[in-house]
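1. Fold the following for me, if possible:
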Amino acid sequence: MSKIEDPSGIPEDDFLREGLVDRLTQYLEAEPKAWHVRYNLGVALMQQGQVDEALMQFRQVMAESPKHLESMVNVAAIHLGKGQPEEALRVLSAALKVWDIPMVRANLGVAYLQMDRLEEAAYHLKEALNGAPNMPDALTNLSTIFLRTGETEKAEKAARQALELNGNFAMAHNNLAVILSEKGDEEQARFHAVRARELGYEVHPQLAEQLGLS
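-> Predicted structure coming up:
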């Protein structure tokens, strides 16, 4: 899924983030209408893994500012992470009416992909890449669709393009492992499967066994 350029101002340093949720919560007790602060609280909660609490904050931001792009995308991301693509699709479809930009299109592609609506997923991913060609996540998701539809050459091309942009994109390594295994290039397939694992991707047990990695 495409990530937004986070404008929240949340500190990246762990020391500076310590106690941030409490401070933002206290501020909102005095200024409950400060939706920009509430958005920051949602981001901070997401960073701590408290996605349900973050979702509540982002929805409150949207109640005050219905066209707030970052909140809409984060709400969709949470629903996609929870395996709720229908909810994500509803939010992203509303976002698209206001913000027809590559990031929204790419996330719509993910929602449709999770719903196995591959034609619609491919359409939105291609639209996203037309506007922003350097999106490794969109390229990798498009590679996944081509794998499912048996378009192996297109799948390989998209995965390799993704890795040219980000050599540490685990899912692209996994897709290449699948593709190269099917083509009989077990040495290179093993390389990409190992790299995917190193980057935290759970390689399918059958593929791992086939490549002697189980």
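2. How many residues are close by Met115?
-> Number of residues near Met115 (other C-beta atoms under 10 Å) recorded here: 14. Where you see a C-beta, it was placed from the backbone N, CA and C, and this is true even at glycine.
3. Now do the end-to-end distance for stretch 207-214.
-> 9 Å (C-alpha to C-alpha, to the nearest Å).
4. what does it contact?
-> With contacts defined as C-beta atoms under 8 Å, 6 or more residues apart in numbering, stretch 207-214 is touched by 177-178, 181, 186, 189-190, 193-194, 197, 203, 205.
5. what separates it from the chain centre, distance-wise?
-> Counting by C-alpha atoms, centre = their mean, to the nearest Å, stretch 207-214 is centred 27 Å from the centre of its parent chain.
6. and if you look at stretch 192-207?
-> Centroid displacement of stretch 192-207 relative to its chain, using C-alpha atoms, centre = their mean, is 18 Å.
7. cool, and stretch 81-99?
-> Distance of stretch 81-99 from the chain centroid (C-alpha atoms, centre = their mean) equals 13 Å.
8. what comes up buried for it?
-> Residues 85, 87-89, 91-92, 94-96 are the ones in stretch 81-99 that count as buried (16 or more other C-beta atoms under 10 Å).
9. tell me which of those is nearest to Glu156?
-> Pro85 (26.2 Å; C-beta to C-beta).
10. Find the nearest non-adjacent residue to the closest one, please.
-> Spatially, and ignoring its direct neighbours in sequence, Pro85 is nearest to Gln114 (3.8 Å; C-beta to C-beta, 6 or more residues apart in numbering).
11. How many residues are close by that neighbour?
-> 17.
12. which ones are touching it?
-> 80, 83, 85, 88.
13. Whichever of the contacts of stretch 207-214 end up buried, select them in PyMOL.
-> PyMOL command restricting the contacts of stretch 207-214 to the buried ones, with burial defined by 16+ other C-beta under 10 Å:
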select buried, resi 177+178+181+189+190+193+194+197+203
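14. just how off-centre is stretch 132-152 within its chain?
-> Mean-position distance between stretch 132-152 and its chain equals 13 Å (C-alpha atoms, centre = their mean).
15. Filter the buried residues of stretch 81-99 down to just the ones in helices.
-> 85, 87-89, 91-92, 94-96 (DSSP state H).
16. so can I have JSON lines of these showing distance to Val75?
-> Formatted as JSON lines, these follow (distance: C-beta to C-beta, whole Å):
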{"residue": "Pro85", "distance to Val75": "13"}
{"residue": "Glu87", "distance to Val75": "8"}
{"residue": "Ala88", "distance to Val75": "8"}
{"residue": "Leu89", "distance to Val75": "12"}
{"residue": "Val91", "distance to Val75": "5"}
{"residue": "Leu92", "distance to Val75": "9"}
{"residue": "Ala94", "distance to Val75": "10"}
{"residue": "Ala95", "distance to Val75": "9"}
{"residue": "Leu96", "distance to Val75": "14"}
